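Peer 1: Okay, here's the prediction I keep looking at, along with the sequence it came from:
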Amino acid sequence: MAMRSTKILEILYVAFFVVLTISCDKYLAKDTDKDVFKHLCFTQNEVVGDIITENQILLKDNKITTSVKGVTLVNIQGCKGEFSIVSSDENIVSFEIYHISEMPSISIRGHKTGNATITVKDATGQSAILDVMVKYMEISWEVLKHEVVVKGDQLTAAKVKEIEEMALSSIPAKVEGGYLFIYNDISDDYYNKGDIYLYPKMIGGQQYRKGTFEYKEGEDGAGNRLIITIDNEMREFKYSPYAGNNGTTWTMPSYLYQISEDLTDKYRSQYTNLEQVITYQVFRYIYE
């Protein structure tokens, strides 16, 4: 069984693996009043919204999940003297020292799906084992709002409304529905494609359609084109932050995004005075 670690102070070659050793007497958790932090254990920084607080969250049962090609930061608490770190299978999980100021931290990187362990042992003989599960990254979008923009100076108000209703009905995910993206196609370094589950009515519900997705570069060179193929039907969307599209005001949480679909060519033969019709699905991220 091959094992590896990264050198900071001294590398010890032992049998078939490399062990990292580093002194940690000066590294103490901020919340030193908690007795649990006086013993060797693993924590993560508390995150509230988009703010990293000074609090430490104890990892339940010393278990953590990361994703293929993903990186997860873990802090080590309660170590005394020099300690060693080793991965049970570097083909699944490797690590590096990420940050050293008030406590030692390691970045755990997933390479393929499976399970492995990270073992830490200090100078007093204390040891702690972190169980790491590596899975494909999953991201969900919950659709919160639909918008449509119809342009055509010669269109009557009735025609504009008719086109709007047709375009909105073509949106595959209704409000409260959404998409689940599973990044399981890692055939190249871009990691931008995989399987998709479309939930028409309720994100995570029992009704869904399965297909594939891929991000591609747009005309401006940004990776803002999303290609979704379901039931042999390919649809192309443009991905961007949400900023409002039709001049209406709507109070929404921050950090929202949207995908837009240009349906002009689809409807122009039916409405000769149509200049443009674009639908928008406004959504929020749900990370797994």
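Peer 2: Structure received.

Peer 1: which strand in the protein runs the most residues?
Peer 2: Using DSSP state E to assign secondary structure, the strand with the most residues in the chain is strand 138-151.

Peer 1: Counting by contacts, list what that one packs against.
Peer 2: Judged by 3 or more CB pairs under 8 Å, 6 or more residues apart in numbering; DSSP states H and E, strand 138-151 is in contact with helix 157-169, strand 178-185, strand 276-287. Placement of C-beta: from N, CA and C, glycine included.

Peer 1: neighbouring contacts of the longest one?
Peer 2: Surrounding helix 157-169, the residues in contact under the criterion CB atoms under 8 Å, 6 or more residues apart in numbering are 146, 148, 150, 152, 155, 263, 267, 271, 273, 274, 277, 279.

Peer 1: how far away is the closest residue to residue 181 other than its chain neighbours from residue 63?
Peer 2: Distance criterion CB to CB, 6 or more residues apart in numbering; nearest residue to residue 181, sequence neighbours excluded, is residue 139 at 4.9 Å. Distance, residue 139 to residue 63, by CB to CB, to the nearest Å: 21 Å.

Peer 1: now swap in residue 117 and tell me
Peer 2: Note on residue 117: its distance to residue 63, by CB to CB, is 10 Å.

Peer 1: joint contacts of the two?
Peer 2: 130, 131, 132.

Peer 1: Burial check on the last one, number of neighbours?
Peer 2: When neighbours are counted by other CB atoms under 10 Å, residue 132 registers 25.

Peer 1: dump the residue contacts of the closest residue to it other than its chain neighbours.
Peer 2: Spatial nearest neighbour of residue 132, excluding adjacent residues (CB to CB, 6+ apart): residue 93 at 4.9 Å. Neighbouring residues of residue 93 by CB under 8 Å, 6+ apart: 66, 87, 108, 109, 110, 111, 116, 118, 132, 134.

Peer 1: If we use 6 Å, what do you get?
Peer 2: By CB atoms under 6 Å, 6 or more residues apart in numbering, the contact set of residue 93 is 87, 116, 132.
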